[in-house]
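Colleague: Provided below for reference: sequence and predicted model.
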Amino acid sequence: MSIYLPIAEISVNILVLVLMGGAVGFLSGLFGVGGGFLITPLLIFYNIPPSVAVATGANQVIASSFSGMLAHLKRGTVDVKLGLFLLAGGVIGAFIGTQVFRILREQGQLDLVVSLLYVVFLGIIGGLMLTESLKALRRSRGGKKVPMRRAGEHNWVHGLPLKMRFRQSRIFVSIIPVIGLGLFVGFLSAIMGVGGGFIMVPAMIYLLKVPTNVVIGTSLFQIVFTSAFTTVSHAVTNQTVDIVLAVTLMAGGVAGAQYGALVGQKLRGEQLRALLALLVLLVGLRLGFDLVVTPDDLFSVATGGA
Amino acid sequence: MIRLVALLIWLLAPGIALAQSNVPDVIGPQPKIQIGLSTDTIFITSDFTGAVLTVFGAVTNTSGSPEATDSAYTIAVTLEGPREKAVVRKKSRVFGIWVNTHSEELKNVPLSYSIATSSRIGGPAGNTVLTDLGIGVEAIAAGTLQKEAELADFVEALRRQRIESGLYTQNDDAVQFLSGPLFRASLSLPAEIPVGLHVVEAFMFANGKLIDQVSLPLRIAKSDWEQTISRAARNNSLIYGLLAVILAVVTGWLGRIVFKRD
């Protein structure tokens, strides 16, 4: 059963899209990640133009993050004040990112830059996760309990000026790294179509020393609003948001996420993380391979603004 | 004078035209070509997989017998899509990675182009005659080449890709004389035919010379909801973006209600 995507301007199989959304949703529920960094490369593999894959990815991220954010708001594990400062940076970053996206697209270098960024980020994150989870696996096999890293020691971030107290997170920190972090993640959101949780969460824990119980909720809070801004920004600047594609992915994604979360509760964390790391590395490798292998046709034609 | 003879356009069906003809009884001095379309707009749906567009026409004011018309004249009928600039980029290897390193902008290139001729090109109206007049796939962007010959690779790539995707087609012997001065031209409408204002043009040649030409506008429009969406994305981009966000929020919220897990 095929469906025509009005913005991507191609006909695709609707079942493949729903399954793709469902599979990524399942993974995101399983591992507690947004899934944006998997959906965008998958769409590119499925011949969706990268410009549409990225902008639509940002749109799709809203749905998966929004339901998560609601749950955290209910539990009271969102630091709204911290979230708003992150968001302020995020909006600026997303705005800059959208403009850079437009310029790259006009220059014909967008596809390359998107692929390169994915190869680099997927490589780093996959590599770090794999080594970390393998270490944890080895340690737990030795019978010792895996110690969680304690947040608390101060680092260079705490020497910066413009400090502010964030009650919910019980931290007293300069707003410079907070806004900077938001800006960086907002920029990536616009260029890569990701929520950015994979950077936001570790950065909040290790740099800002935010207690782990509020990290996920606050990160989701900022992701929802930054992705919303990114989506509108892309729609206005680049007209590359495909609503039909987004809704199809979301439908699969939201359902998949619920089952993923159920399964996730029964499986062991370290093994799961090792699996996800392998998957992330694999996707990165495939993208990298496409950059290196000689293309069938060296020429490409773009019409009008595209 | 002679009125238009058969003005019918046939989509998807290789139908037979019921020509309501007014037989010429006055022989004019100069032969003329006439074509007609039954509609000025074709609506296609997004599951459109391509079709054959049949254009009917007639050669009028001929002095010879009806049987002689076929052999005396060469007809070419074209359907040209909207013209837009095209950017052709070429990749080359930079530090082991394939990067778009060269790009050339070709102005005013038709997005689609279909030509049907009545006899093999190379006959009375030879290939060069056509190209010189700007007719035929070979003539597309040829003007650019005359100025800058080094663009040949880029122009060639543009034509090749559009021929491969069916946007540019050339069909010899696709104009057939039915009886006497009546003819039928079959043009291909590719699946990915661009929407917008197209032009149907007919050219008549005798002894390798262009004698007459005529053109008619033809609008191609998509009529369904997908088209509404893409139009909204272009014309009301802010509202479109906000709607995309609301849809995502509602989907996320519904997901939470349907699969309540906390």
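Modeller: Thanks, I have the structure now.
Colleague: quick check, residue A:28 in a helix?
Modeller: Yes. Assessed by DSSP: H, G, I helix; E, B strand; the rest coil, residue A:28 belongs to a helix.
Colleague: does it really touch residue A:253, like I thought?
Modeller: Yes. Using CB atoms under 8 Å, residue A:28 is in contact with residue A:253, at 7.3 Å. Heads up, the C-betas are built off the backbone N, CA and C, glycines and all.
Colleague: so residue B:201 sits in a helix?
Modeller: No. Per three-state DSSP, residue B:201 lies outside any helix segment and is strand.
Colleague: And it, how close does it get to chain A?
Modeller: 22 Å (CB to the nearest CB, to the nearest Å).
Colleague: Return the set of residues that bridge with that residue.
Modeller: With DSSP bridges as the criterion, residue B:201 is bridged to residue B:78, residue B:215.
Colleague: I'd say it and residue B:77 touch.
Modeller: Yes. The criterion here is CB under 8 Å, and residue B:201 meets it with residue B:77 at 7.1 Å.
Colleague: more crowded one of those two?
Modeller: residue B:77 (30 against 18; other CB atoms under 10 Å in any protein chain shown).
Colleague: contacting residues around that one?
Modeller: Residues in contact with residue B:77 (CB atoms under 8 Å, 6 or more residues apart in numbering or on different chains) are B:35, B:55, B:57, B:115-117, B:175, B:185, B:187, B:200-203.
Colleague: Try it again at 6 Å.
Modeller: For residue B:77, the contacting residues are B:55, B:116, B:175, B:185, B:202, by CB atoms under 6 Å, 6 or more residues apart in numbering or on different chains.
Colleague: Could you find the closest non-adjacent residue to the closest residue to chain A within the stretch 101-250 of chain B?
Modeller: Nearest residue of the stretch 101-250 of chain B to chain A, counting by CB to the nearest CB: residue B:241, 2.9 Å away. Distance criterion CB to CB, 6 or more residues apart in numbering or on different chains; nearest residue to residue B:241, sequence neighbours excluded, is residue A:235 at 2.9 Å.
Colleague: Pull the number of nearby residues for the one you found.
Modeller: So residue A:235, with other CB under 10 Å, has 29 neighbours.
Colleague: Just list the residues touching it, thanks.
Modeller: Per CB under 6 Å, 6+ apart, neighbours of residue A:235: A:241, B:237, B:240, B:241.
Colleague: Recalculate using a threshold of 10 Å.
Modeller: A:7, A:55, A:58-59, A:98, A:241, A:243, B:232-233, B:236-245 (CB atoms under 10 Å, 6 or more residues apart in numbering or on different chains).
Colleague: Show me how to select, in PyMOL, the buried members of these.
Modeller: Selecting the buried subset of the contacts of residue A:235 in PyMOL, with 16 or more other CB atoms under 10 Å in any protein chain shown as the burial test, is done by:
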select buried, (chain A and resi 7+55+58+59+98+241+243) or (chain B and resi 232+233+237+240+241+242+243+244+245)
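Colleague: so which helix or strand takes in residue A:127?
Modeller: helix A:110-141 (DSSP states H and E).
Colleague: That helix: what's the following helix or strand?
Modeller: Using DSSP H and E, the first helix or strand after helix A:110-141 is strand A:163-166.
Colleague: what's the average pLDDT for that next one?
Modeller: On average, the pLDDT along strand A:163-166 is 80.
Colleague: need the next SSE after the helix or strand hosting the residue nearest to residue B:241, C-terminal direction.
Modeller: Residue A:235 is part of helix A:212-237, with elements assigned from DSSP H and E. Counting by DSSP H and E, the next helix or strand C-terminal to helix A:212-237 is helix A:243-266.
Colleague: Which elements pack onto that following helix?
Modeller: Other elements packing on helix A:243-266 under the criterion 3 or more CB pairs under 10 Å, 6 or more residues apart in numbering or on different chains; DSSP states H and E are strand A:2-5, strand A:10-13, helix A:14-31, helix A:36-45, helix A:50-75, helix B:225-235, helix B:237-258.
Colleague: returning to what we had before: now do the shared contacts for residue B:201 and residue B:77.
Modeller: With CB under 10 Å, 6+ apart as the test, residue B:201 and residue B:77 both reach B:35, B:55, B:115, B:214.
Colleague: from those residues, which is closest to residue A:94?
Modeller: Closest approach to residue A:94 among those (CB to CB): residue B:115, at 47.5 Å.
Colleague: Phi and psi next, for that closest one.
Modeller: Residue B:115 adopts backbone torsions of phi -130, psi 140, taken as degrees, to the nearest 10.
Colleague: Residue B:49: neighbour count?
Modeller: Residue B:49: 11 neighbours (other CB under 10 Å).
Colleague: for chain B, which spans come out with low pLDDT?
Modeller: Scanning chain B for pLDDT under 70 picks out B:1-29, B:62-71, B:120-129, B:143-147, B:149, B:260-262.
Colleague: again, but for the stretch 151-300 of chain A
Modeller: Scanning the stretch 151-300 of chain A for pLDDT under 70 picks out A:151-155, A:268-269.
Colleague: do you know how far residue A:194 is from residue A:101?
Modeller: The gap separating residue A:194 from residue A:101 is 13 Å, by CB to CB, to the nearest Å.
Colleague: shared neighbours of the two, which are they?
Modeller: Contacts common to residue A:194 and residue A:101, judged by CB under 10 Å, 6+ apart, are A:54, A:230.
Colleague: just so I have it, where are all the helices in the stretch 1-150 of chain B?
Modeller: Taking DSSP state H, counting those that start in this stretch, the helices of the stretch 1-150 of chain B run over residues B:66-72, B:127-132, B:142-147.
Colleague: tell me, how many neighbours does residue A:33 end up with?
Modeller: 22.
Colleague: thinking again about what came up before, give the contact list for the residue of the stretch 101-250 of chain B closest to chain A.
Modeller: A:55, A:59, A:228-237, A:239, A:241, A:243, B:233.
Colleague: cutoff 8 Å now
Modeller: A:231, A:232, A:233, A:234, A:235, A:236, A:241.
Colleague: Neighbour-wise, give me the winner out of the residues you listed.
Modeller: residue A:231 (32 neighbours).
Colleague: Now do the contacts for it.
Modeller: Here residue A:231 is in contact with A:55, A:58, A:59, A:62, A:241, B:241, B:244, B:245, B:248 (CB under 8 Å, 6+ apart).
Colleague: Surely the third one is in contact with residue B:243?
Modeller: Put plainly, it is residue A:59. No. Residue A:59 is beyond contact range of residue B:243, at 10.4 Å (criterion: CB under 8 Å).
Colleague: shared neighbours of those two, which are they?
Modeller: residue A:243.
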